[in-house]
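>>> Okay, sequence plus prediction incoming.
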Amino acid sequence: DSAEASPSVVFENIKTCSPDCLQMLLENISGLTLDADFIVELIPEINVAVATFIKNIDTKEFVKKCSQDKRVRGFKMTARLLELTQTIKAENLPDSITTDYLTVYFESARSGGGPVSDVQLFPKDNSAIITFCDHKGNT
């Protein structure tokens with residue numbers, strides 16, 4: 001088990017809970033505020049939402065609270081930590097993008113980045129796969 005828990009929690013089976021309801025539910029369970037303390041990204045194509053905590057919290061404890069919450073269970077949602085990864089996919093990139101630009105961008109502390117070990121550009125898909133030296137650079 002990693003000593004460092006992911007700051008992101010995946011909620012699966014979200015289709016019966018509206019986005020506004022989900023956000024309020026997460027605020028109620030965490031005691032935190034949307035946008036100031038955490039953000040929620042909806043991925044409706046796969047019936048999932050990801051809550052990423054800006055404020056440092058015990059996400060393992062938060063997942064435990066969610067799994068015990070009667071409303072979460074009522075919606076038949078599940079919560080789990082998002083696995084830490086060293087690789088991300090960037091999509092909808094401009095045609096003129098270069099691997100050098102992406103490397104500098106994703107290494108920027110302002111972007112929440114870290115040391116990049118590899119960038120694979122896929123011009124036909126306007127996407128790229130960015131691999132970091134460790135999982136801390138992909139927030």
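That came through, no problem.
>>> Contact partners for residue 115?
Listed by Cβ atoms under 8 Å, 6 or more residues apart in numbering, the contact set of residue 115 reads 107, 132-134, 137. Any C-beta I mention is one placed from the backbone N, CA and C, and that applies to glycine too.
>>> Identify the farthest-apart pair in the residues you listed.
Distance extremes for those: the farthest pair is 107 and 134 at 12.5 Å, using Cβ to Cβ.
>>> ok, back up a step: can you lay out the contacts of residue 115 as JSON lines showing pLDDT and neighbour count?
Formatted as JSON lines, those follow (pLDDT from 0 to 100; neighbours: other Cβ atoms under 10 Å):
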{"residue": "107", "pLDDT": "90", "neighbour count": "16"}
{"residue": "132", "pLDDT": "90", "neighbour count": "21"}
{"residue": "133", "pLDDT": "88", "neighbour count": "13"}
{"residue": "134", "pLDDT": "75", "neighbour count": "11"}
{"residue": "137", "pLDDT": "49", "neighbour count": "21"}
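>>> Give me the secondary structure label for the residue lying farthest from the centre of the chain.
Largest separation from the mean C-alpha position in the chain: residue 96, at 26.8 Å (Cα atoms, centre = their mean). With DSSP: H, G, I helix; E, B strand; the rest coil as the basis, residue 96 sits in coil.
>>> what are the phi and psi angles of it?
Taking degrees, to the nearest 10, you get phi -80, psi 0 for the backbone angles of residue 96.
>>> Need the per-residue pLDDT for it.
What the model reports for residue 96 is a pLDDT of 94.
>>> Repeat that for residue 9.
With respect to pLDDT, residue 9 scores 95.
>>> Could you tell me which residues within the longest helix anywhere in the chain count as buried?
If you go by DSSP state H, the chain has its longest helix at helix 19-30. If you call a residue buried by 16 or more other Cβ atoms under 10 Å, then helix 19-30 has these buried ones: 22-23, 25-26, 29-30.
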